[in-house]
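1. predicted model and sequence follow; I will ask about them next.
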Amino acid sequence: MSDFPEIEKTLASIEASPQVLQALRDLHTQALSEVPFLGGNGPTTGALDKFVALDPDKCALVYLLLRSTQARFVVEAGTSFGLSTIYLALAVGQNAGLRGSDGKVIATENEPTKAAKAREHWRAAGDEIEKWIELREGDLRETLKSNLPDQIDFLLLDSKFPPQDRKEVWTPLALPTLTLVHPRLKIGAMVVADNTTMAADGYKDLTSYLEDPANGFKMTTAPYSGGLLIAVYIGKKTS
Ligand SMILES: C[S@@+](CC[C@H](N)C(=O)[O-])C[C@H]1O[C@@H](n2cnc3c(N)ncnc32)[C@H](O)[C@@H]1O
């Protein structure tokens, strides 16, 4: 048990081995205990030791969406210490296992120290997690340019930087990521982006793109803390 009731509630929403549950409990506890990052001069200055992780209830939702849609090919923009990635890999592995087929989570991180930590965390979570993840290190605007799966079922946009001050989150990577992945999204694929209400200004270009009927998306915003945008790719109109 942890000191945070929201962690146990989230862990009760997923199917996982005791090893994975313990890894998640430990990581969520560390993430929820960290002092929020509220300043800095550059995009990641001062944030290298911070999880800036997806909240537990959002992780539960993402896991359940992946299970309900039987998603097997997932891209995660912004991996940090790999906490949310564990949920993605857990669901992908379970979905692939049910069909006796393959699956993959493409994780992305441009900070080498964070990438190394993420690998450690996945190792601690065990083979149920680790073997489903391909971590691409470097700027995702480069690393996602090639070798994507033919069909992508789910994109998690969480490459935001920590707040530069109390009001703003810098979110310049969401749309560039989506435009790289969009050609491979299957009909029915989901795109989930975090803190879209809190950082509405930063996400303006993403939401305009999603709202443009020519791009083939429909979306809603779930009232999780900061707002969680959920878009579904319904396909471009042919006539
Ligand atoms: C909000 S954190 C991700 C948290 C993670 N999804 C989780 O829930 O545990 C955002 C991460 O995106 C990374 N990032 C920022 N810009 C990036 C870029 N251009 N390419 C790859 N990763 C980037 C940051 O280093 C940071 O670790």
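-> Yes, it's here.
2. show me what from this protein comes close to the ligand.
-> 44, 51-54, 78-81, 83-84, 108-111, 114, 139-141, 158-161, 173 (C-beta under 6 Å from any ligand atom). (Each C-beta comes from the backbone N, C-alpha and C, glycine too.)
3. hmm, try it at 5 Å
-> Contact residues (C-beta under 5 Å from any ligand atom) of the chain with the ligand: 52-54, 78, 80, 83-84, 108-111, 114, 139-140, 158-159.
4. where do the strands of this protein begin and end?
-> For the chain, strands defined by DSSP state E occupy the ranges 73-77, 104-109, 133-137, 152-157, 185-194, 217-222, 228-233.
5. residues contacting the last one, please?
-> Contacting residues not belonging to strand 228-233 are listed as 58, 61, 65, 182, 185-196, 203, 206-207, 210, 216-222 [C-beta atoms under 8 Å, 6 or more residues apart in numbering].
6. likewise the longest one?
-> The set of residues that contact strand 185-194 without belonging to it, under C-beta under 8 Å, 6+ apart, is 54, 58, 62, 65, 69, 71, 151-158, 160, 174, 178, 203, 206, 210, 217, 219, 226, 228-235.
7. so where's the chain uncertain?
-> 36-47, 159-170, 238-239 (pLDDT under 70).
8. swap the cut-off to 80 and go again
-> When the per-residue scores of the chain are filtered using pLDDT under 80, the ranges that remain are 1-2, 35-49, 159-171, 237-239.
9. in it, which residue is most central in space?
-> For the chain, the residue whose C-alpha lies nearest the mean C-alpha position (C-alpha atoms, centre = their mean) is residue 156; its distance is 3.7 Å.
10. test my guess that that one contacts residue 62.
-> Yes. Contact status for residue 156 versus residue 62: in contact at 6.6 Å, counting by C-beta atoms under 8 Å.
11. could you find the closest non-adjacent residue to the residue nearest to the centre of the chain?
-> residue 76 (4.7 Å; C-beta to C-beta, 6 or more residues apart in numbering).
12. who does the one you found bridge with?
-> Partner residues in beta bridges with residue 76: residue 107, residue 156, with DSSP bridges as the criterion.
13. mind listing what's buried in stretch 91-110?
-> Burial within stretch 91-110, assessed by neighbour count using 16 or more other C-beta atoms under 10 Å, is assigned to 91-96, 103-110.
14. closest to the ligand among those residues?
-> residue 110 (3.6 Å; C-beta to the nearest ligand atom).
15. from residue 182, how far out is the residue nearest to residue 156?
-> Counting by C-beta to C-beta, to the nearest Å, the gap between residue 76 and residue 182 amounts to 16 Å.
16. which one's more surrounded, those two?
-> When neighbours are counted by other C-beta atoms under 10 Å, residue 76 and residue 182 differ, and residue 76 comes out ahead with 30 against 19.
17. so what's that one up against?
-> Applying C-beta under 8 Å, 6+ apart, the residues near residue 76 are 84-85, 88, 105-108, 155-156, 158.
18. one step back: buried members of the residues of the chain next to the ligand into PyMOL, please.
-> Those of these that count as buried under 16+ other C-beta under 10 Å are selected in PyMOL with:
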select buried, resi 52+53+54+78+80+83+84+108+109+110+111+114+140+158+159
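19. quick one: which of the residues of the chain next to the ligand sit in helices?
-> 83-84, 114, 140 (DSSP state H).
20. closest to residue 127 out of those?
-> Among these, residue 83 lies closest to residue 127 (C-beta to C-beta), at 18.2 Å.
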